[in-house]
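Enquirer: Please find the sequence and the predicted model below.
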Amino acid sequence: MSSDVQVDRAELAEYLRGKNHWILATARSDRRPQMSMVTGGMGADGRLLVSTYPSRVKAKNAHRDAQVSVLVMGEQFNSAWVQIDGDATVVGGPDAAELFVEYYRCISGEHPDWDEYRQAMADQGKCIIVIEPTRWSPVSKGGFPPELFED
């Protein structure tokens, strides 16, 4: 049988901990989805963070149309997964410095030299996509549909 577990925001954060390989879906100008494999993390404030470059399609699409979705899978293909929909903001320049710190922390922990890291992100001209979750699916594992087991 399938297993769908409704989770609140705190439980969603717990599920996301350590799961940093995501699929980010943005909308192309013709409204068809554009999907990117990304590394992301949930910040302490519950926003999702994805580092990229302003010239990447995902950043351009998110800037034009803030409605995005993220698919977070477990370690195995058939592990539980969740889809998170939200509103994105693309942040670059000096405004992004502390967001990069938060991004790094939720993926890799502490950096030995935060000033060096901030400078590296600035030198590379990176930006960060910040996603405010507006809704999410149950954490789902799939399986057989429940109607197959009804009497």
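Expert: That came through, no problem.

Enquirer: Can you check which strand is longest in this structure?
Expert: When the chain is parsed with DSSP state E, its longest strand is strand 81-92.

Enquirer: Could you pull out the buried residues of that strand?
Expert: By neighbour count, with 16 or more other Cβ atoms under 10 Å as the criterion, the buried positions of strand 81-92 are Trp81, Val82, Gln83, Ile84, Gly86, Ala88, Val90, Val91, Gly92. From N, CA and C alone the C-beta is placed, and that goes for glycine too.

Enquirer: Any idea how far the longest helix seen in the chain is from the middle of the chain?
Expert: For the chain, the longest helix by residue count, based on DSSP state H, is helix 97-108. When distances are taken as Cα atoms, centre = their mean, to the nearest Å, helix 97-108 is centred 13 Å away from the chain's centroid.

Enquirer: Could you do stretch 35-54 as well?
Expert: Centroid separation for stretch 35-54 versus its chain: 4 Å, with Cα atoms, centre = their mean.

Enquirer: what's the average pLDDT for it?
Expert: Average pLDDT, stretch 35-54: 97.

Enquirer: For stretch 119-131, which outside residues touch it?
Expert: 24, 47-54, 58-59, 62, 68, 70, 84, 86-94, 96-97, 99-100, 103 (Cβ atoms under 8 Å, 6 or more residues apart in numbering).

Enquirer: buried subset of those?
Expert: Buried by 16+ other Cβ under 10 Å: 24, 47-52, 58-59, 62, 68, 70, 84, 86, 88, 90-92, 96-97, 99-100, 103, out of the contacts of stretch 119-131.

Enquirer: Could you report the neighbour count for Gly109?
Expert: The tally of other residues near Gly109 (other Cβ atoms under 10 Å) stands at 7.

Enquirer: ok, it to Val7 distance?
Expert: Applying Cβ to Cβ, to the nearest Å, the value for Gly109 to Val7 is 24 Å.

Enquirer: Could you list the low-confidence segments of this structure?
Expert: Low-confidence segments of the chain, defined by pLDDT under 70: 1-2, 143-151.
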